[in-house]
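> one predicted model, sequence on top.
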Amino acid sequence: MDAIAQSTRTARAVLAAHAIDKAYRRGAWPVRRVVPVLSGVSFSLQAGEIVGLVGENGSGKSTLMKILVGALAPDAGEVERVARLGYCPQVPQLYERLTCDEHFELFGHAYGIDARQERDARRALYESLGFGRYAGTRVGQLSGGTVAKLNLGLALLADPDVLLLDEPYAGFDWDTYLRFWNLVAERRATGRSVLIISHFVADEERFDRILDLRDGRVVPR
Ligand SMILES: Nc1ncnc2c1ncn2[C@@H]1O[C@H](COP(=O)(O)OP(=O)(O)OP(=O)(O)O)[C@@H](O)[C@H]1O
């Protein structure tokens with residue numbers, strides 16, 4: 001890539017991590033130890049890019065994701081958030097006794113979007129992910145796959161510029177997997193970005209870039 005193209009890419013970064021370090025402290029005194037997980041992680045995400053971040057179990061993917069969204073503080077380094085983020089955590093943060101509709105209402109309030117916009121977005125998400133028949137069902141009575149759809153739908157509700165997904169398709173059946181990729185392609189076509197974190201990537205051609213998280217660092221594949 002030439003220098004002009006490189007500078008354009010840098011100029012359009014919507015999310016960037018600079019030299020992120022993170023270690024966890026384990027055990028109690030006197031056998032307390034520090035376990036390094038991330039050591040100098042740097043990468044950026046550009047507008048309109050679909051990027052896969054791949055690493056084996058325990059490599060630090062969820063830790064990095066939490067740092068990127070600001071849910072966890074790094075020990076060193078910094079995250080630059082240029083655009084609005086939407087986050088779909090690996091373990092859904094949902095309420096067993098609330099229905100899908102009630103979750104959309106609640107998250108709509110939290111995002112500060114008006115009621116009409118929330119209802120329109122909710123309807124479109126039920127349609128595109130195919131789970132409208134569960135609108136009035138409580139989360140405690142949903143299948144794992146439908147919980148995963150709700151989790152994704154809530155991350156998309158406010159139409160974020162950057163969508164961060166932690167193992168998004170683990171519970172999806174084939175039809176939902178294809179619907180998911182249609183949604184991702186639509187976002188890309190409108191200049192939005194998606195970062196997908198997973199322990200494996202099945203369809204490499206669906207991504208613009210794949211990054212590997214290995215030995216605490218992010219390296220291009
Ligand atoms: N709160 C914590 N306290 C101590 N150690 C932790 C904590 N959270 C994660 N770890 C450890 O940090 C390492 C990275 O964990 P993390 O969940 O980020 O990995 P991951 O790549 O997302 O794994 P997986 O693919 O299994 O979900 C693991 O060794 C894990 O045991």
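Received the coordinates, thanks. In this text the structure is predicted, and so the values were computed from the model without any measurement.
> from start to finish, how long is stretch 213-221 in a straight line?
Terminal residues of stretch 213-221 lie 10 Å apart, using Cα to Cα, to the nearest Å.
> same thing with stretch 187-205?
Start-to-end span of stretch 187-205 (Cα to Cα) is 17 Å.
> and if you look at stretch 71-80?
Note: stretch 71-80 ends 14 Å apart using Cα to Cα.
> close to the ligand, is it?
No: contact of stretch 71-80 with the ligand is not found when judged by Cβ under 6 Å from any ligand atom; the minimum separation is 8.6 Å. Any C-beta I mention is one placed from the backbone N, CA and C, and that applies to glycine too.
> which outside residues touch that stretch?
Contact with stretch 71-80 is made by 13, 15-23, 38, 40-42, 63, 66-68, 70, 87, as judged by Cβ atoms under 8 Å, 6 or more residues apart in numbering.
> give me the buried entries from those residues.
Buried members of the contacts of stretch 71-80, counted by 16 or more other Cβ atoms under 10 Å: 13, 15-17, 20-23, 38, 41, 63, 66-68, 87.
> these in strands, which ones?
13, 15-17, 20-23, 38, 41, 87 (DSSP state E).
> of those residues, which pair is most distant in space?
The largest separation in these, counting by Cβ to Cβ, is between A13 and A23 at 26.4 Å.
> the protein: strands as residue ranges?
13-26, 33-46, 50-54, 76-81, 85-88, 162-166, 193-198, 209-214, 217-220.
> measure the residue of the chain positioned farthest from its centre to the ligand for me?
Distance from the C-alpha centroid of the chain, by Cα atoms, centre = their mean, peaks at P30 (37.7 Å). From P30 over to the ligand the distance is 18 Å, taken as Cβ to the nearest ligand atom, to the nearest Å.
> my read is that C88 contacts L150, right?
No: using Cβ atoms under 8 Å as the test, C88 is too far from L150 to be in contact (10.2 Å).
> need the residues of this structure near the ligand, please.
Taking Cβ under 6 Å from any ligand atom as the criterion, the chain approaches the ligand at residues 24, 26, 37, 55, 57-63, 199.
> where does the protein have low pLDDT?
1-11 (pLDDT under 70).
> can you list the domains in it?
1-27+34-84+160-172+191-221, 94-159 (automatic domain parsing).
> could these be laid out in TSV, adding distance to R179?
Converted to TSV, these look like this (distance: least, Cβ to Cβ, whole Å):
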stretch	distance to R179
domain 1-27+34-84+160-172+191-221	8
domain 94-159	6
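> nothing else from me, thank you.
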